[in-house]
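1. What follows is a predicted protein model with its sequence.
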Amino acid sequence: MARAVVRGAFNQGDVPKIVCINLATVPLGVDFGKLIAAMQKYVDDHVAPVWATPARLVRGTDFVKGAWAMLFVDNADVDDALAYHDLTPDGLPVAKVFVKTTLDNGDLVSVSASHELVEMLVDPAINLMTTGPDPKLMYAYESADPVEALDFKVNGIPMSNFVYPSYFEAFHKPKSVRFDAMKKVTKPFQILGGGYQIIFKNGKWTQITGSKAKKRALAAEDRRGHRSEERKQRRSRHLPKDTVEVVREKAKRLALRR
(Lines give C-alpha, C1' and ligand atoms only; values in the text may rest on other atoms or scores of the structure.)
Protein backbone atom coordinates (compact mmCIF):
# COMPACT_ATOMS: atom_id res chain seq x y z
CA MET A 1 0.00 0.00 0.00
CA ALA A 2 1.43 3.38 -1.02
CA ARG A 3 2.31 5.76 1.81
CA ALA A 4 0.14 8.87 1.91
CA VAL A 5 1.95 12.12 1.22
CA VAL A 6 1.69 14.70 3.99
CA ARG A 7 1.65 18.26 2.74
CA GLY A 8 3.10 21.25 4.54
CA ALA A 9 0.52 23.09 6.63
CA PHE A 10 1.64 26.57 7.55
CA ASN A 11 0.18 30.04 7.45
CA GLN A 12 2.30 32.43 5.40
CA GLY A 13 0.38 35.30 6.97
CA ASP A 14 2.06 34.64 10.31
CA VAL A 15 5.49 35.86 11.38
CA PRO A 16 7.29 32.53 11.77
CA LYS A 17 9.61 31.68 14.61
CA ILE A 18 12.64 29.79 13.30
CA VAL A 19 14.48 27.61 15.78
CA CYS A 20 18.17 27.27 14.86
CA ILE A 21 19.59 23.93 16.02
CA ASN A 22 23.31 23.19 15.76
CA LEU A 23 23.92 19.44 15.40
CA ALA A 24 27.26 19.77 13.59
CA THR A 25 30.27 18.06 15.12
CA VAL A 26 32.72 20.36 13.35
CA PRO A 27 33.26 24.08 14.17
CA LEU A 28 31.10 26.46 12.16
CA GLY A 29 33.87 29.01 11.73
CA VAL A 30 31.66 31.62 13.39
CA ASP A 31 30.11 32.00 16.84
CA PHE A 32 26.64 30.45 16.68
CA GLY A 33 24.96 33.16 18.75
CA LYS A 34 26.54 35.93 16.68
CA LEU A 35 25.52 34.15 13.50
CA ILE A 36 21.87 34.03 14.60
CA ALA A 37 21.98 37.71 15.57
CA ALA A 38 23.47 38.63 12.18
CA MET A 39 20.86 36.59 10.32
CA GLN A 40 18.10 38.29 12.33
CA LYS A 41 19.41 41.70 11.26
CA TYR A 42 19.78 40.36 7.71
CA VAL A 43 16.07 39.50 7.73
CA ASP A 44 14.95 42.69 9.50
CA ASP A 45 17.01 45.20 7.51
CA HIS A 46 17.44 43.58 4.11
CA VAL A 47 15.08 40.69 3.31
CA ALA A 48 11.77 41.57 4.97
CA PRO A 49 11.57 45.18 3.70
CA VAL A 50 11.79 43.84 0.14
CA TRP A 51 10.02 40.49 0.26
CA ALA A 52 7.59 41.20 3.15
CA THR A 53 8.85 38.07 4.91
CA PRO A 54 9.57 38.90 8.56
CA ALA A 55 10.77 36.16 10.90
CA ARG A 56 12.05 35.71 14.44
CA LEU A 57 15.15 33.57 14.83
CA VAL A 58 15.94 31.84 18.13
CA ARG A 59 18.59 29.40 19.28
CA GLY A 60 17.35 25.99 20.36
CA THR A 61 18.19 22.33 20.90
CA ASP A 62 14.91 20.75 19.82
CA PHE A 63 11.96 21.29 17.53
CA VAL A 64 9.37 23.69 18.94
CA LYS A 65 5.67 23.21 18.33
CA GLY A 66 4.41 25.74 15.80
CA ALA A 67 7.92 26.87 14.82
CA TRP A 68 9.97 26.46 11.67
CA ALA A 69 13.53 25.12 11.99
CA MET A 70 17.04 25.54 10.63
CA LEU A 71 19.27 22.53 11.20
CA PHE A 72 23.07 22.74 11.08
CA VAL A 73 24.42 19.23 10.36
CA ASP A 74 27.75 17.91 9.09
CA ASN A 75 26.60 16.70 5.68
CA ALA A 76 23.80 14.96 3.82
CA ASP A 77 24.79 11.58 5.27
CA VAL A 78 24.28 12.68 8.88
CA ASP A 79 21.61 10.67 10.65
CA ASP A 80 20.51 8.84 7.53
CA ALA A 81 17.22 10.33 6.30
CA LEU A 82 17.54 13.62 8.16
CA ALA A 83 18.87 15.60 5.23
CA TYR A 84 16.18 14.42 2.83
CA HIS A 85 13.07 15.87 4.43
CA ASP A 86 11.85 19.43 4.46
CA LEU A 87 9.21 19.56 7.21
CA THR A 88 9.25 19.59 11.01
CA PRO A 89 7.13 17.11 13.00
CA ASP A 90 4.30 19.70 12.76
CA GLY A 91 4.59 19.91 8.98
CA LEU A 92 6.42 23.26 9.02
CA PRO A 93 9.44 24.26 6.90
CA VAL A 94 12.99 23.15 7.68
CA ALA A 95 16.16 24.63 6.21
CA LYS A 96 19.31 22.52 6.26
CA VAL A 97 22.89 23.80 6.41
CA PHE A 98 25.53 21.17 5.64
CA VAL A 99 28.48 22.49 7.63
CA LYS A 100 31.27 20.08 6.71
CA THR A 101 30.22 20.00 3.07
CA THR A 102 30.22 23.81 3.01
CA LEU A 103 33.65 24.13 4.60
CA ASP A 104 35.18 21.38 2.45
CA ASN A 105 33.96 23.31 -0.59
CA GLY A 106 35.81 26.41 0.62
CA ASP A 107 32.60 28.31 1.40
CA LEU A 108 31.40 30.09 4.55
CA VAL A 109 28.74 28.64 6.82
CA SER A 110 27.24 32.08 7.38
CA VAL A 111 26.74 32.57 3.64
CA SER A 112 25.24 29.10 3.21
CA ALA A 113 22.93 29.61 6.20
CA SER A 114 21.69 33.02 5.06
CA HIS A 115 21.24 31.61 1.54
CA GLU A 116 18.98 28.88 2.88
CA LEU A 117 17.20 31.34 5.16
CA VAL A 118 16.19 33.82 2.47
CA GLU A 119 15.09 31.05 0.13
CA MET A 120 13.01 29.40 2.84
CA LEU A 121 11.30 32.70 3.68
CA VAL A 122 10.49 33.50 0.04
CA ASP A 123 9.36 29.97 -0.93
CA PRO A 124 8.85 27.91 2.25
CA ALA A 125 7.08 25.01 0.55
CA ILE A 126 9.61 24.78 -2.32
CA ASN A 127 6.79 24.91 -4.86
CA LEU A 128 6.71 28.42 -6.36
CA MET A 129 7.59 29.02 -10.00
CA THR A 130 6.94 31.65 -12.64
CA THR A 131 7.08 32.33 -16.35
CA GLY A 132 10.06 34.21 -17.75
CA PRO A 133 11.89 35.29 -20.88
CA ASP A 134 11.72 31.81 -22.45
CA PRO A 135 8.05 30.84 -22.92
CA LYS A 136 8.99 27.15 -22.97
CA LEU A 137 10.38 27.24 -19.44
CA MET A 138 9.14 27.73 -15.91
CA TYR A 139 11.54 29.33 -13.45
CA ALA A 140 11.81 28.37 -9.78
CA TYR A 141 11.40 31.11 -7.20
CA GLU A 142 14.86 30.61 -5.71
CA SER A 143 15.96 33.99 -4.42
CA ALA A 144 19.68 33.34 -3.80
CA ASP A 145 20.78 30.85 -6.46
CA PRO A 146 21.23 33.30 -9.37
CA VAL A 147 23.63 35.45 -7.30
CA GLU A 148 24.96 32.87 -4.83
CA ALA A 149 28.67 33.61 -5.34
CA LEU A 150 28.31 37.09 -3.82
CA ASP A 151 27.93 38.16 -0.20
CA PHE A 152 27.88 41.28 1.96
CA LYS A 153 28.51 41.80 5.67
CA VAL A 154 25.89 42.21 8.37
CA ASN A 155 27.26 42.78 11.87
CA GLY A 156 30.64 41.99 10.34
CA ILE A 157 29.50 38.52 9.22
CA PRO A 158 29.15 37.64 5.49
CA MET A 159 25.56 37.08 4.35
CA SER A 160 24.33 35.83 0.98
CA ASN A 161 23.30 38.20 -1.77
CA PHE A 162 19.72 37.67 -2.96
CA VAL A 163 17.46 38.88 -5.75
CA TYR A 164 14.46 41.18 -5.41
CA PRO A 165 10.89 40.41 -6.56
CA SER A 166 11.58 42.57 -9.63
CA TYR A 167 14.09 39.94 -10.76
CA PHE A 168 11.19 37.63 -11.61
CA GLU A 169 9.26 40.31 -13.53
CA ALA A 170 10.33 40.03 -17.16
CA PHE A 171 8.65 43.29 -18.20
CA HIS A 172 11.32 45.46 -16.53
CA LYS A 173 13.84 47.10 -18.83
CA PRO A 174 17.57 46.63 -18.05
CA LYS A 175 18.82 48.91 -15.25
CA SER A 176 15.34 50.35 -14.76
CA VAL A 177 14.94 49.13 -11.15
CA ARG A 178 16.97 47.37 -8.49
CA PHE A 179 17.14 43.62 -9.05
CA ASP A 180 19.26 42.36 -6.13
CA ALA A 181 20.59 43.41 -2.74
CA MET A 182 24.11 44.20 -3.96
CA LYS A 183 23.06 45.94 -7.19
CA LYS A 184 25.00 43.53 -9.39
CA VAL A 185 22.11 42.28 -11.53
CA THR A 186 21.10 44.58 -14.37
CA LYS A 187 18.02 42.87 -15.84
CA PRO A 188 15.32 40.30 -14.99
CA PHE A 189 16.36 36.64 -14.87
CA GLN A 190 20.04 37.46 -15.32
CA ILE A 191 22.32 34.77 -13.87
CA LEU A 192 25.65 36.02 -12.59
CA GLY A 193 28.83 34.08 -13.30
CA GLY A 194 28.84 32.23 -10.00
CA GLY A 195 25.10 31.56 -9.94
CA TYR A 196 22.49 29.30 -11.47
CA GLN A 197 18.72 29.11 -11.99
CA ILE A 198 16.48 26.09 -11.47
CA ILE A 199 14.07 25.61 -14.38
CA PHE A 200 11.27 23.23 -15.32
CA LYS A 201 11.77 22.02 -18.88
CA ASN A 202 10.27 19.11 -20.83
CA GLY A 203 8.56 17.74 -17.76
CA LYS A 204 11.54 17.75 -15.40
CA TRP A 205 13.59 20.04 -13.19
CA THR A 206 17.08 21.02 -14.31
CA GLN A 207 19.24 24.13 -14.10
CA ILE A 208 21.02 26.68 -16.21
CA THR A 209 24.25 28.26 -15.02
CA GLY A 210 25.86 31.66 -15.35
CA SER A 211 29.18 30.23 -16.55
CA LYS A 212 30.88 27.03 -17.64
CA ALA A 213 32.90 27.08 -14.42
CA LYS A 214 29.69 27.09 -12.39
CA LYS A 215 28.31 24.22 -14.46
CA ARG A 216 31.41 22.16 -13.67
CA ALA A 217 31.23 23.12 -9.99
CA LEU A 218 27.59 22.04 -9.71
CA ALA A 219 28.34 18.74 -11.43
CA ALA A 220 31.06 18.01 -8.86
CA GLU A 221 29.07 19.17 -5.83
CA ASP A 222 27.14 16.89 -3.48
CA ARG A 223 23.60 18.22 -3.98
CA ARG A 224 21.79 15.72 -1.77
CA GLY A 225 19.36 17.40 0.58
CA HIS A 226 19.40 20.73 -1.26
CA ARG A 227 16.25 22.53 -2.36
CA SER A 228 16.90 21.70 -6.00
CA GLU A 229 16.74 18.00 -5.13
CA GLU A 230 13.55 18.53 -3.12
CA ARG A 231 11.95 19.99 -6.25
CA LYS A 232 13.04 17.04 -8.37
CA GLN A 233 11.72 14.51 -5.89
CA ARG A 234 8.47 16.45 -5.50
CA ARG A 235 7.86 15.10 -2.02
CA SER A 236 6.96 16.96 1.11
CA ARG A 237 6.66 14.84 4.21
CA HIS A 238 6.98 15.02 7.95
CA LEU A 239 10.27 14.03 9.51
CA PRO A 240 9.75 10.40 10.57
CA LYS A 241 9.37 9.85 14.30
CA ASP A 242 12.63 7.93 14.52
CA THR A 243 14.48 10.74 12.74
CA VAL A 244 13.01 13.31 15.15
CA GLU A 245 14.28 11.22 18.04
CA VAL A 246 17.71 11.01 16.40
CA VAL A 247 17.81 14.82 16.24
CA ARG A 248 16.89 15.10 19.89
CA GLU A 249 19.35 12.45 21.03
CA LYS A 250 22.17 13.99 19.00
CA ALA A 251 21.40 17.41 20.46
CA LYS A 252 21.65 15.98 23.99
CA ARG A 253 25.01 14.34 23.26
CA LEU A 254 26.44 17.53 21.77
CA ALA A 255 25.16 19.58 24.72
CA LEU A 256 26.99 17.29 27.14
CA ARG A 257 30.18 17.59 25.09
CA ARG A 258 30.04 21.36 25.13
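-> The structure has been received and is ready for your questions.

2. which residues of this structure score low on pLDDT?
-> Judged by pLDDT under 70, the chain has its weakly predicted residues at 1-12, 77-86, 220, 223, 225-226, 228-258.

3. Backbone dihedrals for the residue nearest the centre of it, both of them.
-> Taking C-alpha atoms, centre = their mean as the criterion, Glu116 is the residue nearest the geometric centre of the chain, at 2.1 Å. Main-chain dihedrals, Glu116, degrees, to the nearest 10: phi -60, psi -40.

4. Could you check how far it is from Gly91?
-> Between Glu116 and Gly91 the distance is 19 Å, computed by C-beta to C-beta, to the nearest Å. All C-beta atoms are positioned from the backbone trio N, CA, C, and that covers glycine.

5. Ok, Ser166 next?
-> Using C-beta to C-beta, one obtains 32 Å as the distance from Ser166 to Gly91.

6. Strands of the stretch 101-250 of the chain, start to end?
-> Along the stretch 101-250 of the chain, the segments classed as strands by DSSP state E, counting those that start in this stretch run 129-130, 138-140, 151-154, 157-160, 196-201, 204-209.

7. Going by neighbour count, which residues in the last one are buried?
-> Of all the residues in strand 204-209, those buried under the rule 16 or more other C-beta atoms under 10 Å are Trp205, Gln207, Ile208, Thr209.

8. And for stretch 144-155?
-> Within stretch 144-155, the residues that qualify as buried are Ala144, Asp145, Pro146, Val147, Glu148, Ala149, Leu150, Asp151, Val154, counting by 16+ other C-beta under 10 Å.

9. which one of those residues sits closest to Met70?
-> Ala144 (14.4 Å; C-beta to C-beta).

10. okay but the closest one is in contact with Tyr167, surely?
-> No - applying C-beta atoms under 8 Å, one finds Ala144 not in contact with Tyr167, separated by 11.0 Å.

11. Let me see the ranges of the helices in this protein.
-> Ranges of helices within the chain are 32-42, 48-51, 99-104, 109-122, 212-220, 227-233, 241-257, based on DSSP state H.
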